[in-house]
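Enquirer: Got a predicted model here, sequence first, then my questions.
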Amino acid sequence: MPISVVTGGAGFLGSHLVDRLLREGHEVLAVDNLLTGNERNFDHLRGEKRFRFLRHDVTKFIAVEGSVDYVFHFASPASPIDYLELPIQTLKVGSLGTHNALGLAKAKGATFLLASTSECYGDPLVHPQKEDYWGNVNPIGPRGVYDEAKRFAEAITMAYYRFHKVNTKIVRIFNTYGPRMRLRDGRVVPAFVGQALRGEPMTVFGDGKQTRSFCFVSDLIDGIYRLSQSNFHEPVNIGNPLELTILEFAERIRRITGTKSTIVKNPLPVDDPKQRQPDITRARTILGWEPKVSLEDGLRETIQWFKNHLESSPKA
């Protein structure tokens, strides 16, 4: 039975990865300091003997007894609200945390997979974004704490691959949505859905013509699992190439929810990317992966989850 460690395992993506690994027959240790994660994401796993949870800050040494076959490093604040409020913690988990997670993989002879991000491309000057694009990042801007933490994490991951021969993988995650997102985490899907369900004005930043591409969480996790089983070591984009403007996306949510919310426009945040669309040729070719869940189906499932949790989640 493979044994996997998932840092950030109590978070949105980490908890869905835990579920997938358990379905694949793994024994899973989720590690999280609950800075932005939530133990309620494991409520359905109570009594599952192949699952354990360790509350721990991965910027400190990670001690795990016994053998480990996989280390999935997903620990990090991942929304604008989080990394603007927690800039030092974001930088530390991307640097010290990644170093410690790689050290665990090296010590155990385990495969290591880094959850990186499309933010490595910054405000891109090429479109769509391919993995060989080096990016257009402002290292001293307010978003730089997240962008540069992930870019450093990629660099040290490749160093461990080249120098220590650790079997490493890097996934660059594009905008992902689905159940277990925190309602007030600042990302566009929970922001729009929460405002629509409460009948509040839906806040669009700038003119709303900036684009995003949204991938449903089950599709993303499938791509990540496939990557973990591959022999490929350079970054791979995982995301849905269907591109929408933010205004189009807001209108889509208005229609599905049936809200009477109006749309209001606020100034665009500093260094907010104008375009975001993955080129997934590498994922299609190497992993045989592409997204399957339609935006309509994914949004309906996500909106229903938010409806069910809107009143019951003080930490949403």
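Expert: Structure received.

Enquirer: the helices in the stretch 151-300 of the chain, which residues?
Expert: If DSSP state H, counting those that start in this stretch is used as the criterion, the helices of the stretch 151-300 of the chain fall at 188-198, 217-228, 246-257, 281-282, 295-309.

Enquirer: which strands and helices sit next to the last one?
Expert: Packed against helix 295-309 by the contact rule (3 or more Cβ pairs under 8 Å, 6 or more residues apart in numbering; DSSP states H and E) you find strand 176-177, helix 188-198, strand 215-216, helix 246-257. Any C-beta I mention is one placed from the backbone N, CA and C, and that applies to glycine too.

Enquirer: could you give the angle of the last one to helix 295-309?
Expert: Computed by axes from the mean of the first three to the mean of the last three Cα atoms, to 10 degrees, the angle separating helix 246-257 from helix 295-309 equals 60 degrees.

Enquirer: tilt between helix 246-257 and helix 188-198?
Expert: 40 degrees.

Enquirer: What segments of the stretch 1-150 of the chain are strands?
Expert: 3-7, 27-32, 51-55, 70-73, 111-117 (DSSP state E, counting those that start in this stretch).

Enquirer: ranking these by burial, who's on top?
Expert: Of all the strands of the stretch 1-150 of the chain, strand 70-73 has the most neighbours on average by mean count of other Cβ atoms under 10 Å, namely a mean of 28.

Enquirer: Got the confidence number for residue 80?
Expert: Confidence at residue 80, expressed as pLDDT, is 84.

Enquirer: just to revisit the earlier point, adding distance to residue 176, write the strands of the stretch 1-150 of the chain out as CSV.
Expert: Below are the strands of the stretch 1-150 of the chain laid out as CSV (distance: least, Cβ to Cβ, whole Å):
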stretch, distance to residue 176
strand 3-7, 16
strand 27-32, 18
strand 51-55, 22
strand 70-73, 15
strand 111-117, 10
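
Enquirer: Those into a markdown table, with extra columns for mean pLDDT and distance to residue 248?
Expert: Putting these into a markdown table (pLDDT from 0 to 100; distance: least, Cβ to Cβ, whole Å) gives the following:
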| stretch | mean pLDDT | distance to residue 248 |
| --- | --- | --- |
| strand 3-7 | 98 | 34 |
| strand 27-32 | 98 | 35 |
| strand 51-55 | 98 | 39 |
| strand 70-73 | 98 | 33 |
| strand 111-117 | 98 | 23 |
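
Enquirer: what's the closest of the ones you listed to residue 240?
Expert: Closest of the strands of the stretch 1-150 of the chain to residue 240 is strand 111-117, at 15.1 Å (criterion: Cβ to Cβ).

Enquirer: so that closest one versus strand 3-7, what angle?
Expert: 30 degrees.

Enquirer: To residue 30, which of the helices of the stretch 151-300 of the chain lies closest?
Expert: helix 217-228 (14.4 Å).

Enquirer: list the helices and strands that closest one packs on?
Expert: Helix 217-228 sits against helix 12-23, strand 70-73, strand 111-117, strand 168-173, strand 176-177, strand 236-238, with contacts defined as 3+ Cβ pairs under 8 Å, 6+ apart.

Enquirer: Would you format the ones you listed as TSV with distance to residue 45 included?
Expert: Shown next, in TSV, are the helices and strands packed on helix 217-228 (distance: least, Cβ to Cβ, whole Å):
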stretch	distance to residue 45
helix 12-23	7
strand 70-73	16
strand 111-117	20
strand 168-173	23
strand 176-177	21
strand 236-238	24
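
Enquirer: Those: which one's closest to residue 254?
Expert: strand 176-177 (16.1 Å).

Enquirer: Partner strands of that closest one, with direction?
Expert: In the sheet containing strand 176-177, its partner strands are strand 215-216 (parallel), by DSSP bridges.

Enquirer: now the residue in the chain sticking out farthest from the centre, nearest residue through space, not along the chain?
Expert: Most distant residue from the mean C-alpha position of the chain: residue 260, 30.6 Å away (Cα atoms, centre = their mean). Distances taken as Cβ to Cβ, 6 or more residues apart in numbering put residue 199 closest to residue 260, at 6.4 Å, once the chain neighbours are dropped.

Enquirer: Turn the helices of the stretch 151-300 of the chain into a markdown table, columns for mean neighbour count and distance to residue 121.
Expert: As requested, the helices of the stretch 151-300 of the chain are exported to a markdown table (neighbours: other Cβ atoms under 10 Å; distance: least, Cβ to Cβ, whole Å):
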| stretch | mean neighbour count | distance to residue 121 |
| --- | --- | --- |
| helix 188-198 | 21 | 17 |
| helix 217-228 | 21 | 17 |
| helix 246-257 | 18 | 18 |
| helix 281-282 | 16 | 14 |
| helix 295-309 | 16 | 22 |
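
Enquirer: quick one: which of these is nearest residue 43?
Expert: Of all the helices of the stretch 151-300 of the chain, helix 295-309 sits nearest to residue 43, with 11.7 Å by Cβ to Cβ.
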